[in-house]
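>>> 3D, please:
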Amino acid sequence: MKLVTAIVNKEDAKQVCNHLIQEGFSVTRLSTTGGFLMAGNMTLMIGTEDEKVDPCIQIIAQHCKQRTEVVPSTASYGIGVATAYPLQVTVGGATIFVTNVERFEKL
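Residues are numbered from 1 along each chain as shown. Down below sits the predicted model:
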């Protein structure tokens, strides 16, 4: 048995979860915040059999799209001098970890 932990953008999370559930996966969702942009993410925990890991990852990949957003940023040029300028960043996609599960019990 494996535990698939997927960190996805909050905008993609609902669609990803719906498709995983339609395919028979059990999903636990945790609201999380990213460190770089302090943006909302959803961390999905999916316990599954070894042979279902690849189909699980394929579903996540199909429904997590990277996109470009413009966010405000600031630069400091000296004591008391700062300016704000837009910064283009890539968001979305997914970060996935697959770990072995030594023991699983559903009570």
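>>> could you pull out the helices for the chain?
Using DSSP state H, the helices found in the chain span residues 10-22, 53-63.
>>> low-scoring stretches of the chain, by residue?
Of all residues in the chain, those with pLDDT under 70 make up the ranges 34-39, 69-85, 88-92.
>>> Let's see that with 90 instead.
With pLDDT under 90 as the threshold, the chain has low-confidence stretches at 9-12, 31-41, 64-94, 104-107.
>>> Quick one: residues contacting the residue most central in space within the chain.
Most central residue of the chain, judged by C-alpha distance to the mean C-alpha position with CA atoms, centre = their mean, is Val8 at 1.6 Å. Under the criterion of CB atoms under 8 Å, 6 or more residues apart in numbering, the contact partners of Val8 comprise Val16, Asn41, Met42, Thr43, Leu44, Ile60, Cys64, Gly93, Ala94. C-betas here are computed from N, CA, C, even on glycine.
>>> Restricted to strands, list those.
Secondary structure assignment by DSSP state E places Asn41, Met42, Thr43, Leu44, Ala94 of those in strands.
>>> Now render the residues you listed as JSON lines, adding distance to Val101 and neighbour count.
Listed next are the ones in strands among the contacts of Val8 as JSON lines, based on distance: CB to CB, whole Å; neighbours: other CB atoms under 10 Å:
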{"residue": "Asn41", "distance to Val101": "23", "neighbour count": "23"}
{"residue": "Met42", "distance to Val101": "21", "neighbour count": "20"}
{"residue": "Thr43", "distance to Val101": "17", "neighbour count": "16"}
{"residue": "Leu44", "distance to Val101": "15", "neighbour count": "23"}
{"residue": "Ala94", "distance to Val101": "20", "neighbour count": "20"}
